[in-house]
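Novice: below is the structure, and that's it, no one-letter string:
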């Protein structure tokens, strides 16, 4: 992702500003999916089991509406098992959707995806009607690793950073099973504030596109409420739940030797430690959202986004009136009669 990607975590943390980015290759990916989807039988969407709601692409959902969908909660070994169960139940209750947990390095569960696709599209199979599956997901969610596991060899490039896959690839899993891989794709605007932070913490967003300190503070604020014991064990701290996120980051920096001259805490270094430990599961398996939490965040984000749009429309209308591109609407007096002036 380019250095100038429009992720302003600090602004978002302070006033809820929408996060925006849309690199060129993601625009091309959207077009490729739109062209391909007509001939697809099943859509597999890989989700990060640590943030299933935030890693589900609303743009993809819109483009693939009506197609059988298999939601794969990848990296299950890094996620909270109890919360993974909640998310599986949530997705499996949706019509035309199945959900499975997965660690992409595990061969047997990966093979189960093929069977799940046949369950979702039982009329496809055989050389006359081969199964055509599109696999999608956000950057760095593990698609390439999964494809290589399914194929049994290095069919797709892998890497531990966002944006490794650049072009659509067709991979033959069996004589009658075609898998179409696409680059990891985000969406034009994130309206759920917490999703931006969770995506950044997970590694889905390139490191040059966000402020590590702000992301670490948001992460710690959530973890101190839900995983206080894990934080205390990892960093040898006490009373984590009663501390603020700023106090926690300071304490972690001091414990881990992230110091500058004069004994001042290097908050940048401390933030990098926290984010690295979360990604590496060094604090233990964690999940940053439940279905109920995400539903609440989404509703709040949609409400705020609608309010922003109303303000934007009003500004645009005023601009058009001032430049005489549209007539000024008639005013209405207190009695409800139109003012003719």
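Specialist: Yep, it's here. None of these values were measured; they are calculated from a predicted model. Numbers count the residues shown, from 1 in each chain.
Novice: what about the nearest residue to residue 234 once chain neighbours are set aside, which SS state?
Specialist: Residue nearest to residue 234 in three dimensions, not counting chain neighbours: residue 283, with 4.6 Å by C-beta to C-beta, 6 or more residues apart in numbering. For the C-beta atoms, the positions are set from N, CA and C on the backbone; glycine is no exception. Taking DSSP: H, G, I helix; E, B strand; the rest coil as the rule, one finds residue 283 in the coil state.
Novice: so how far is residue 324 from residue 283?
Specialist: According to C-beta to C-beta, to the nearest Å, residue 283 stands 61 Å off from residue 324.
Novice: what about the residue lying closest to residue 59 once chain neighbours are set aside, distance to residue 60?
Specialist: Of all residues beyond its chain neighbours, the one nearest residue 59 is residue 187 (3.9 Å), with distances taken as C-beta to C-beta, 6+ apart. Taking C-beta to C-beta as the measure, residue 187 falls 8 Å from residue 60.
Novice: more crowded one of these two?
Specialist: Per other C-beta atoms under 10 Å, whichever of residue 187 and residue 60 has more neighbours is residue 60, with 23 against 18.
Novice: for residue 90, helix, strand, or coil?
Specialist: Three-state call for residue 90 (three-state DSSP): helix.
Novice: how many neighbours does it have?
Specialist: Counted with other C-beta under 10 Å, residue 90 comes out at 19.
Novice: check contacts around the closest residue to it other than its chain neighbours.
Specialist: Closest residue in space to residue 90, ignoring its immediate chain neighbours: residue 291 at 4.2 Å, by C-beta to C-beta, 6+ apart. Residue 291 makes contact with 53, 86, 87, 90, according to C-beta atoms under 8 Å, 6 or more residues apart in numbering.
Novice: swap in residue 240?
Specialist: 224, 228, 231, 232, 248.
Novice: pLDDT score for the last one?
Specialist: With respect to pLDDT, residue 248 scores 97.
Novice: number the chain from 17, please
Specialist: Sure, I'll start counting at 17 from here, so that last one is residue 264.
Novice: any idea how many residues pack against it?
Specialist: Using other C-beta under 10 Å, residue 264 has 24 other residues around it.
Novice: so how far is stretch 186-197 off the chain centroid?
Specialist: 26 Å (C-alpha atoms, centre = their mean, to the nearest Å).
Novice: among the contacts of residue 307, which ones are buried?
Specialist: Buried by 16 or more other C-beta atoms under 10 Å: 69, 103, 106, out of the contacts of residue 307.
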